[in-house]
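Peer 1: Got a predicted structure plus its sequence, pasted below:
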Amino acid sequence: MGSNVHLKAEMLFKNKPNVVDVKGGVIRKVPDEPMESEEEQAAKRMKLTNNEYTAECTSNVLDQDTDAITHDWRLLPYVALTQIYSMLPNNDRYHMSLTCRNWGVPLTSPEIWRALKFKFNRVEDRKAAEYVLKVRPYALRYLNVDCKVSVGGIVGERDSIIYLLRLIRYLVYHKTDQLISLRLANMSRIIVKWTKSTKHRDLVLTLRRFLETQKELRILNLSCAGFTLEQALSISYEYLCDQVIDALIDYGKLLNLRIYVEDSKQLHRITSESWRVLQAECPDLEVHYVLHDVFHHTKFKKILLRGVPLGTLEWDFKEDMNDEDWDDQDVILCMKYTAELFHNTVRHITVGIEHCYYQYRKMFEEILKRCLIIETLNVNGPDDNSFKRALAIQVLWGCIRQPRITLQELNYNGKNISLWDSQLHLSIKKLLGQSNQAPS
């Protein structure tokens with residue numbers, strides 16, 4: 001009887017969920033679904049334990065990495081520090097070097113000083129001059145110096161010049177001769193006064209010496225350097241290129257340009273078109289060429305390009321017996337080329353010869369025919385009276401055949417012989433020492 005009642009009550013509870021059951025004095029709620037088996041609950045407990053263990057291990061690893069990074073900053077390798085230094089401005093480099101002893105070592109490495117920028121603006125002059133003493137400029141390739149004066153400068157003009165001079169001297173002393181690019185901006189306050197002040201003159205001469213030592217210089221920027229006031233300029237042919245000609249056009253109206261050619265190995269750095277543009281912008285420009293050790297007429301033609309407003313030519317001709325293409329007609333060929341291309345501009349010609357070959361007496365034959373505005377002819381060579389006589393006769397005949405010529409002087413080794421009007425024959429006879437002999 002009792003067992004049947006208990007069975008009916010159990011069936012009633014199964015059909016009616018969420019009914020409170022009283023058993024053993026404990027009130028409990030009957031679940032909606034059957035309870036999970038013991039195996040399923042054990043699997044869940046195992047999974048939860050594994051997740052907690054993995055999270056704890058990950059946290060420990062992160063904590064260990066954080067501690068390692070914190071302690072290794074002082075032990076960065078030399079190469080990494082050098083790369084960081086190379087990307088920082090000067091002030092940040094200096095502050096970084098003060099972090100610790102290990103970080104201060106690469107500051108003196110030449111590799112990080114490939115590019116430098118300084119301002120001499122009468123505010124930061126002293127700071128820049130003192131900072132450069134920490135630099136090892138052996139690997140310096142790019143130098144930028146800006147001399148624009150700031151408003152309210154606290155450094156005197158004289159001291160500013162001294163600080164800049166100290167920088168240039170420091171670079172010269174350490175033989176910094178591998179620059180690729182050099183920018184000297186806003187130097188007009190120095191250039192304009194360089195002939196009046198000793199300090200300015202010392203700075204300009206030191207800067208000139210610094211430029212002459214450069215072996216790889218490709219870019220020279222002299223923006224706002226005060227060259228618009230200059231009417232005469234001397235330059236070496238090795239630095240002459242189309243970019244320099246363009247700069248001369250921008251800087252002002254030049255009247256005289258003197259070009260020194262001492263090395264004829266580099267002959268393709270300038271074009272005739274650049275000369276034409278320069279002549280159009282500077283119509284009063286006169287170019288003075290000084291040639292040394294230019295042996296062959298082919299090199300002569302590559303230097304004196306069409307379009308050059310040639311006014312004066314000085315050429316020390318020397319025979320190159322080692323050159324297979326050389327012959328003793330080079331002087332005559334070069335003078336003929338000069339007469340053909342520059343007959344409207346050339347006024348003064350000086351030729352230096354080593355030997356008085358007889359055919360050299362005709363070197364000015366084409367010049368006298370074509371160059372009507374020629375004023376002086378100069379020859380420097382051995383003291384050979386017979387050659388002087390033959391040369392004078394050829395010049396005399398050239399003047400007679402071309403009455404419109406304006407030749408005034410014939411100089412041989414510095415001896416001046418006038419050749420105009422009624423004094424022409426008398427001067428030639430005085431040179432020859434034969435007053436009654438007619439030219440033949």
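Peer 2: Thanks, I have the structure now. Residues are numbered from 1 along each chain as shown.

Peer 1: burial measure for the spatially closest residue to K148 that is not a sequence neighbour, as a count.
Peer 2: Nearest non-adjacent residue to K148, counting by Cβ to Cβ, 6 or more residues apart in numbering: N186, 3.9 Å away. C-betas here are computed from N, CA, C, even on glycine. When neighbours are defined as other Cβ atoms under 10 Å, N186 has 19 of them.

Peer 1: separation between N186 and S150?
Peer 2: 11 Å (Cβ to Cβ, to the nearest Å).

Peer 1: Same question for L133.
Peer 2: 23 Å.

Peer 1: Next: I191.
Peer 2: In terms of Cβ to Cβ, I191 sits 19 Å off from S150.

Peer 1: Could you check which of the two has the larger neighbour count?
Peer 2: Using other Cβ under 10 Å, the more surrounded residue of I191 and S150 is I191, with 21 against 12.

Peer 1: my guess is the more buried one contacts L203, does it?
Peer 2: No. Using Cβ atoms under 8 Å, I191 is not in contact with L203; the gap is 9.5 Å.

Peer 1: so what's the residue nearest the centre of the chain bridging to?
Peer 2: In the chain, the centroid-proximal residue (Cα atoms, centre = their mean) is I219; its distance is 2.3 Å. Counting by DSSP bridges, I219 is bridged to S181.

Peer 1: OK, contacts around it?
Peer 2: Taking Cβ atoms under 8 Å, 6 or more residues apart in numbering as the contact definition, I219 lies against I180, S181, L182, R183.

Peer 1: The third one contacts L143, correct?
Peer 2: Yes. The pair L182 and L143 qualifies as a contact (Cβ under 8 Å) at a distance of 5.2 Å.

Peer 1: between the two, what contacts are shared?
Peer 2: With Cβ under 8 Å, 6+ apart, L182 and L143 have no common neighbours.

Peer 1: Stretch 366-380: which residues count as buried?
Peer 2: For stretch 366-380, a neighbour-count test (16 or more other Cβ atoms under 10 Å) marks E366, I367, L368, R370, C371, I374, T376, L377, N378, V379, N380 as buried.

Peer 1: can you give me the helices in the stretch 51-200 of the chain?
Peer 2: 78-86, 90-97, 101-104, 125-131, 157-173, 188-191, 198-212 (DSSP state H, counting those that start in this stretch).

Peer 1: now the fourth one, how far from the chain's geometric center?
Peer 2: On the basis of Cα atoms, centre = their mean, to the nearest Å, helix 125-131 is displaced by 24 Å from the centre of the chain it belongs to.

Peer 1: Mind giving me the packing neighbours of it?
Peer 2: Helices and strands touching helix 125-131, by 3 or more Cβ pairs under 8 Å, 6 or more residues apart in numbering; DSSP states H and E, are strand 115-119, helix 157-173.

Peer 1: Out of the ones you listed, which is closest to F317?
Peer 2: F317 lies closest, by Cβ to Cβ, to one member of these: helix 157-173, at 35.7 Å.

Peer 1: State the mean pLDDT of that closest one.
Peer 2: For helix 157-173, mean pLDDT rounds to 83.

Peer 1: who's in contact with that helix?
Peer 2: Taking Cβ under 8 Å, 6+ apart as the rule, helix 157-173 contacts 118, 120, 122, 125-126, 128-129, 132-133, 137, 140, 143, 145, 147, 153, 155, 189-190, 197, 199-200, 202-203, 206-207, 209-210, 213.

Peer 1: rerun at 7 Å
Peer 2: For helix 157-173, contacts defined as Cβ atoms under 7 Å, 6 or more residues apart in numbering pick out 118, 120, 122, 125-126, 128-129, 132, 137, 147, 190, 199-200, 202-203, 206-207, 209-210, 213.

Peer 1: Over to stretch 105-121?
Peer 2: 78, 81-82, 85-86, 93, 97, 128, 134-150, 153, 160, 163-164, 167.

Peer 1: distance between the ends of that stretch?
Peer 2: 30 Å (Cα to Cα, to the nearest Å).

Peer 1: ok, and for it, which residues are buried?
Peer 2: P106, L107, I112, W113, L116, F118, K119, F120, N121.

Peer 1: what's the spacing between that stretch and its chain's center?
Peer 2: That offset, for stretch 105-121, works out to 18 Å (Cα atoms, centre = their mean).

Peer 1: hey, what's I235 bridged with?
Peer 2: Beta bridges link I235 to I259 when assigned by DSSP bridges.

Peer 1: per-residue confidence for the residue nearest to A128 when sequence neighbours are not counted?
Peer 2: In this structure, A128 finds its nearest non-sequential neighbour in F118, 4.4 Å apart by Cβ to Cβ, 6+ apart. What the model reports for F118 is a pLDDT of 81.

Peer 1: List the beta-bridge partners for F118.
Peer 2: Under the criterion used (DSSP bridges), F118 bridges to V145.

Peer 1: Separate out the buried members of the contacts of I219.
Peer 2: With burial judged by 16+ other Cβ under 10 Å, the buried subset of the contacts of I219 is L182.

Peer 1: between the contacts of I219, which is closest to E314?
Peer 2: Nearest to E314 among the contacts of I219: L182, at 29.7 Å, using Cβ to Cβ.

Peer 1: can you tell me how far the closest one sits from A139?
Peer 2: L182 sits at a distance of 15 Å from A139 (criterion: Cβ to Cβ).

Peer 1: in this structure, which ranges drop under the pLDDT threshold?
Peer 2: 1-72, 110, 153, 193-195, 225-230, 250-252, 263-269, 295, 319-328, 417-440 (pLDDT under 70).
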